[in-house]
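Engineer: Fold the following and give me the result.
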Amino acid sequence: MRDLIEFVRLHQAWAAPIVMLLAFGESLAFISLLVPAWGALVAIGALIGPSELSFWPICLAGALGAALGDWLSYWFGNRYKQQVAQIWPLSLYPALLPRGEAFVRKWGVPSIFLGRFFGPLRASVPLAAGIFEMPYWPFQIANFVSAVVWSAVLLVFGDVISLIVAWVWAAL
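Structural biologist: Okay, the predicted model is just below:
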């Protein structure tokens, strides 16, 4: 990840496409279990201030990647239903889908928004929403709104951390 962050710092034109791919992978049911990318997104957010990267294109790229990842997870769950639990790497985490199902059943459409912010649920909630046939449009509205908020929160968090580190460094 350190090499990727350094690449973005040196080649700023690639920041938005890389953030989009990272957010897509972080939100895609199967990939997010193998490669958690939220740390890289925070680190890229830390580059925004010092490198003078433009926040909104990167934020929207992250939101688009995240929303597409959740949409694909929803579609996959809706298409393949219970067979999904047998597919690797989900088969390694047998409790993940039941947790996602319980969360979706308890919270309904807001579960899409809430699940985006909680690690393993980020991968399983859209999949469970598809498996258990949450209505398409309410899912997509919650998906896209939460993706914008999630992307902005991670990037701003990184930017704020870089400002605090710069302030502390200057005070020393």
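
Engineer: Helix or strand: which one has Leu47?
Structural biologist: Here Leu47, judged by DSSP states H and E, is contained in helix 38-51.

Engineer: so how far is that helix from its chain's centroid?
Structural biologist: Relative to its chain's centre, helix 38-51 lies at 15 Å (CA atoms, centre = their mean, to the nearest Å).

Engineer: list the helices and strands it packs on?
Structural biologist: When contacts are defined as 3 or more CB pairs under 8 Å, 6 or more residues apart in numbering; DSSP states H and E, helix 38-51 packs onto helix 2-10, helix 15-27, helix 55-80, helix 136-171. To be clear about C-beta, it is placed using only N, CA and C from the backbone, and glycine gets the same treatment.

Engineer: Could you export these as CSV, including mean pLDDT, distance to Gly49 and mean neighbour count?
Structural biologist: As requested, the helices and strands packed on helix 38-51 are exported to CSV (pLDDT from 0 to 100; distance: least, CB to CB, whole Å; neighbours: other CB atoms under 10 Å):
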stretch, mean pLDDT, distance to Gly49, mean neighbour count
helix 2-10, 84, 12, 13
helix 15-27, 94, 13, 23
helix 55-80, 95, 9, 21
helix 136-171, 94, 5, 17
